[in-house]
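Colleague: Whatever this is, show me its structure:
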Amino acid sequence: MPSEPVYWTDVDQRRLQMDLADVAALAPDLTFEPPPGVDGAHQGVWIGDLPLWPFERDRPDGLAELLPRGLRVQVWCSAAHPVVPPDVVPVDPEPLLVERSMNLWHVAPHGQLCLMQSYGAWTPSDRVSDLLRKACGWHVEYALMKAGVVEAMSERGIVEDDSRDHLVRAAVEASRATGTGPRTSTDG
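Modeller: From the prediction side, this is the model:
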């Protein structure tokens, strides 16, 4: 006799409320959709746009020109959330298949971002917003790579490291020189 699925959103209401408040404070344009009730593969998803620059330091010169808006994502929580971190999947821009096959882009083969560089980098007490800040930094580094001003994503990421901030202006200039801009799913 099959049993009904048990969702983390039903078992841990305190964590659900904490995650909802945490994510809303960082990214009010993300909408949470609760579990579908039958799937079982994922147990809740946030969908929408992340902020462009949620960091405590000044925005780099040219950021709004390089990136017209924040990264559009789907943030999937598995049945094991919060023991297992959510999967952050970029929707717009969506990394190309070839970019998913090389570590230097920090994208897994199925499209989710590789935001932690070591096992144990996530603990059940970690905040979803900290992972989303890393995704915001990934978005900027992705644009820098697409513009050809860096050859690989950084190990620490833009969240913790401001050494690439000045490259935003260089990426804008490179995009102007080649006649390219940020690639989004709405581009033809």
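
Colleague: which one is Val84 nearest to, not counting chain neighbours?
Modeller: For Val84, ignoring the flanking residues on the chain, the nearest one in space by C-beta to C-beta, 6 or more residues apart in numbering is Ser78 at 5.2 Å. In this view, the C-beta of every residue, glycine as well, is placed from N, C-alpha and C.

Colleague: Now do the strands in this protein.
Modeller: Assigned by DSSP state E, the chain shows strands spanning 30-33, 45-49, 72-76, 87-92.

Colleague: Would you reformat these as JSON lines and include distance to Arg100?
Modeller: Formatted as JSON lines, the strands of the chain follow (distance: least, C-beta to C-beta, whole Å):
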{"stretch": "strand 30-33", "distance to Arg100": "23"}
{"stretch": "strand 45-49", "distance to Arg100": "20"}
{"stretch": "strand 72-76", "distance to Arg100": "15"}
{"stretch": "strand 87-92", "distance to Arg100": "11"}
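
Colleague: Nearest approach to Asp58 belongs to which of those?
Modeller: Between Asp58 and these, the tightest spacing by C-beta to C-beta is seen for strand 45-49, at 21.3 Å.

Colleague: Report the angle between that closest one and strand 87-92.
Modeller: Inter-element angle recorded for strand 45-49 and strand 87-92: 30 degrees (by axes from the mean of the first three to the mean of the last three C-alpha atoms, to 10 degrees).

Colleague: and Trp46, how many residues sit next to it?
Modeller: Counted with other C-beta atoms under 10 Å, residues neighbouring Trp46 total 24.

Colleague: So in terms of bridging, what pairs with it?
Modeller: Trp46 forms beta bridges with Phe32, Val75, as assigned by DSSP bridges.

Colleague: Roughly how far does Gln74 sit from Tyr7?
Modeller: 18 Å (C-beta to C-beta, to the nearest Å).

Colleague: Same question for Leu96.
Modeller: As for Leu96, its distance to Tyr7 is 34 Å (criterion: C-beta to C-beta).

Colleague: So for the two, which sits in the more crowded spot?
Modeller: Neighbours were counted for Leu96 and for Tyr7 using other C-beta under 10 Å; Tyr7 has more, 21 against 12.
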